[in-house]
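> attaching a predicted model along with its sequence, questions to come.
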Amino acid sequence: MTFNLKFSEVLQGSFKPAELNLMMVFQVNCPGCFLQGFPQIISLQTRYQNKLSCFALSTAFEDFELNTAENTRLLLEENILVGETKKAFESRGLKWEVQIPFPVLIDTMINQQEMLRPDYIETVISNHPQFLGVSKPELAEAKKSLQSYFTHYQQCGYTFATNLLRGTPSFILFNQRMEILFQWFGHMDSNSIETKLDEYFVLNSGDKQE
């Protein structure tokens, strides 16, 4: 499966896939992205250093007045939080003083009309292994299901929608050819993630972890 990534802007750093990459897809109005998501991916970047290239993609599938490129820019430049994220930190007596140490991109936004186009549906179908080898009736039903699914979104981030992500934060581990090696949504135990990464290094570079 290919990581179908399309971004409109790079707010920090530059995007150049390395041998092994981890991207966190987040929304600025997503408390879990900041309370758990960013600390986890930053910890992984610190642990693996130049063996793992980390990126963050700011997207939107809801609360479009808050999940914007401008609010992402304010986050990076002035550590300003918004919406439910701000409330979550204030209720815990916390401050966001984190300097995100890797590139941050902005997802390309598409509208419902674009998502319902047959060629877009075909793009989604062709990119997901669960649709491979199915019968014509099953494929037709899958297309109807996707059309019904996309009617729930007046607009959405292209990367979020095309990869059928479940929510934020979502994490995608991919190689230089943009092939998805592993992905998860929400919280996952750090030990389990490190085990997956260590397995990759053993299989691909023989670099066993102690």
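Perfect, I can see it now. Numbers count the residues shown, from 1 in each chain.
> list the contacts of the most centrally placed residue in the chain.
Nearest to the geometric centre of the chain sits residue 25, at 2.4 Å (C-alpha atoms, centre = their mean). Applying C-beta atoms under 8 Å, 6 or more residues apart in numbering, we find residue 25 in contact with 56-57, 59, 107, 157, 159-160, 165, 168-172. In this view, the C-beta of every residue, glycine as well, is placed from N, C-alpha and C.
> identify the bridge partners of it.
residue 57, residue 170 (DSSP bridges).
> for residue 125, which three-state class applies?
Three-state call for residue 125 (DSSP: H, G, I helix; E, B strand; the rest coil): helix.
> so for stretch 159-178, what's the average pLDDT?
The pLDDT scores in stretch 159-178 average 96.
> repeat that for stretch 62-78.
Here stretch 62-78 scores 97 as its mean pLDDT.
> same question, stretch 102-114
Stretch 102-114 comes out with an average pLDDT of 97.
> can you show me the helices along this structure?
With helices called from DSSP state H, the chain shows them at 31-32, 38-48, 69-78, 83-91, 112-115, 118-126, 136-150, 158-162, 190-205.
> tell me what the first one is packed against?
Contact analysis of helix 31-32 by 3 or more C-beta pairs under 8 Å, 6 or more residues apart in numbering; DSSP states H and E lists helix 83-91 as its packing neighbours.
> show me what counts as buried in the helix it packs on.
By neighbour count on 16 or more other C-beta atoms under 10 Å, the buried set for helix 83-91 is 83, 84, 85, 86, 88, 89.
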